[in-house]
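Trainee: Below is the sequence, then the predicted model.
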Amino acid sequence: MISPEYCCTMAQYNAWQNRQAGAAMAKLSPDELSLDRGAFFGSILGTANHLLWGDTIWMSRFAGLPAPSVGIKESAKLHGTLAEWQAERFRMDGHIQVWAEGLGALDLTGALTWFSGAAQREISKPLATLILHFFNHQTHHRGQIHAMLTAAGQNPGDTDLFLMPETGRG
């Protein structure tokens, strides 16, 4: 279904897109970042926080990193400022890239079982499906952030995968 190379490419794409979004977010005031724009997680910063929360919870399951300090219901408030978010986003993107670069084909097989706080039950799914979900979740919420930034008058940059700059990784 997926390969280590796919994971490396998506990790690179994730970091590139987060850098672009962060640069556009930095052009907005704290009030503009926190303005409720009618998205599921309210504001640009709230959605960015939820996305970082999601990456953190999945990396706790995939790579043994610490889980987020708050639950999903508080995920939009994970970090109160853009500077805090940017620092943690940078760190998490590095963790994701290192994890992806260390994957072998066998690491993508089998199932993962965990207790889902969102579903309030134990879940077991194929690991490859969960990794697809992980990268799809990123793209979904970054699309929301992109739309909100565009509506706020910012240019969050290209999102097409084929336009991603070469990084020399993978």
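Mentor: Now that the structure is in, tell me what you want to look at.

Trainee: Confirm that Thr113 sits in a strand.
Mentor: Yes. Judged by DSSP: H, G, I helix; E, B strand; the rest coil, Thr113 forms part of a strand.

Trainee: Spit out the contact partners of it.
Mentor: Contact analysis of Thr113 by C-beta atoms under 8 Å, 6 or more residues apart in numbering lists 122-124. For glycine as for every other residue, the C-beta is placed from the backbone atoms N, C-alpha and C.

Trainee: what ranges do the helices span in this protein?
Mentor: Using DSSP state H, the helices found in the chain span residues 4-25, 30-34, 44-63, 82-101, 127-151.

Trainee: Determine which stretch of these is the most buried.
Mentor: Most buried of these by mean neighbour count (mean count of other C-beta atoms under 10 Å) is helix 44-63; its value is a mean of 22.

Trainee: So which elements touch that one?
Mentor: helix 4-25, helix 30-34, helix 82-101, strand 111-116, helix 127-151 (3 or more C-beta pairs under 8 Å, 6 or more residues apart in numbering; DSSP states H and E).

Trainee: CA-only coordinates of the first one, as CSV, when you get a sec.
Mentor: Included here for helix 4-25 are C-alpha records, laid out as CSV according to Å, rounded to 0.1, in the frame of the first residue of the first chain:
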residue,chain,number,x,y,z
PRO,A,4,9.3,4.0,3.1
GLU,A,5,9.9,6.4,0.1
TYR,A,6,6.3,7.5,0.2
CYS,A,7,6.6,8.3,3.9
CYS,A,8,9.8,10.3,3.3
THR,A,9,8.2,12.3,0.5
MET,A,10,5.1,13.1,2.6
ALA,A,11,7.3,14.0,5.6
GLN,A,12,9.2,16.4,3.4
TYR,A,13,6.0,17.8,1.9
ASN,A,14,4.6,18.3,5.4
ALA,A,15,7.6,20.3,6.6
TRP,A,16,7.6,22.4,3.4
GLN,A,17,3.9,23.2,3.7
ASN,A,18,4.2,24.0,7.4
ARG,A,19,7.1,26.4,6.8
GLN,A,20,5.1,28.2,4.1
ALA,A,21,2.0,28.4,6.3
GLY,A,22,4.1,29.6,9.3
ALA,A,23,5.6,32.4,7.2
ALA,A,24,2.2,33.6,6.1
MET,A,25,0.8,33.3,9.6
